[in-house]
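>>> My questions concern the predicted model and sequence given below.
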Amino acid sequence: MDFYLDTADLEEIKRLNKLGIVDGVTTNPSIIAKTNRDFKETIIEICSIVNGPVSAEVTGQTVEDMLKEARDIAEWAPNVVVKIPMTEEGLEVVNILSGEGIKTNVTLVFSVAQGLMAAKAGATYVSPFVGRVDDIGEDGIELIQNLRTVLKNYNFDTKIITASVRSIGHLEMAAKAGADIATIPGSLLPKLWKHPLTDIGIEKFLSDWEKVAK
Ligand code: G3P
């Protein structure tokens, strides 16, 4: 399973990228807004730090606006991926961009049908939002399981990015369900390697060692 960082915080990306576990980055307009920095500059810098796909989202609503933005974003770096919302206009844009060889990530996906539509339109990636599905009382992980089955049934190449990941449980269950990728907030990632028993174990080893150390 690939791990992407769901952040545009450059210091966080630089720090976590040193661990060799970061395969890409995803952003969205809310994440970019938090940085108070220029969108294009931020994406170009992230693309230069991370050796993997970096998603940057369009904000236009019409086919014309999204296409214009997408073609521009696609020029920013060789590893940039254009994020497109799951709408009728978005699907048309994905279809056109896929014909032009521009990589896309269809975002704000909340059902198997939406995921299937993204794959049929030619999306490189599809991003089901597990946390937000849970928020409305449905089961986000079940969505990943079902979408995995459907994309496999028809041999689509579209990769599933598990998004809106809020817990270690989400990540573990998405991995079990066969999601290709999980995109994880920088604040959650350290919880994947931290364990209270590891900390207690280190403390015990050190205190035993200090008892006899000269
Ligand atoms: O990956 C999508 C993410 O940025 C949204 O997460 O927690 O706001 O639903 P959340």
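Perfect, I can see it now.
>>> what are the bridge partners for the most centrally placed residue in the chain, then?
Taking C-alpha atoms, centre = their mean, the centroid of the chain lies closest to residue 183, which sits 3.2 Å from it. Beta bridges link residue 183 to residue 4 when assigned by DSSP bridges.
>>> List the residues that contact it.
3-6, 24, 26, 127, 161-163, 165 (C-beta atoms under 8 Å, 6 or more residues apart in numbering). C-beta: built from backbone N, CA, C; applies to glycine.
>>> same deal with residue 174?
Applying C-beta under 8 Å, 6+ apart, the residues near residue 174 are 1, 130, 141, 144, 162, 165, 182.
>>> where in the chain is pLDDT low?
214 (pLDDT under 70).
>>> run the last query once more with 80
213-214 (pLDDT under 80).
>>> Next to the ligand, which bits of the protein? Give me the list.
6, 26, 28, 129, 131-132, 163-164, 166, 183 (C-beta under 6 Å from any ligand atom).
>>> how about a cut-off of 5 Å?
When proximity is defined as C-beta under 5 Å from any ligand atom, the chain approaches the ligand at 6, 131-132, 163-164.
>>> Number of residues surrounding the closest residue to residue 9 other than its chain neighbours?
Closest residue in space to residue 9, ignoring its immediate chain neighbours: residue 186 at 6.0 Å, by C-beta to C-beta, 6 or more residues apart in numbering. Neighbours of residue 186 under the rule other C-beta atoms under 10 Å: 18.
>>> if I look at residue 138, how far off is residue 129?
From residue 138 over to residue 129 the distance is 11 Å, taken as C-beta to C-beta, to the nearest Å.
>>> which of those two has more neighbours?
More crowded of residue 138 and residue 129, by other C-beta under 10 Å: residue 129, with 19 against 13.
>>> which residues does the residue lying closest to that one once chain neighbours are set aside contact?
Of all residues not flanking residue 129 in the chain, residue 164 sits nearest, at 3.7 Å (C-beta to C-beta, 6+ apart). When the contact criterion is C-beta under 8 Å, 6+ apart, the partners of residue 164 are 129-133, 140.
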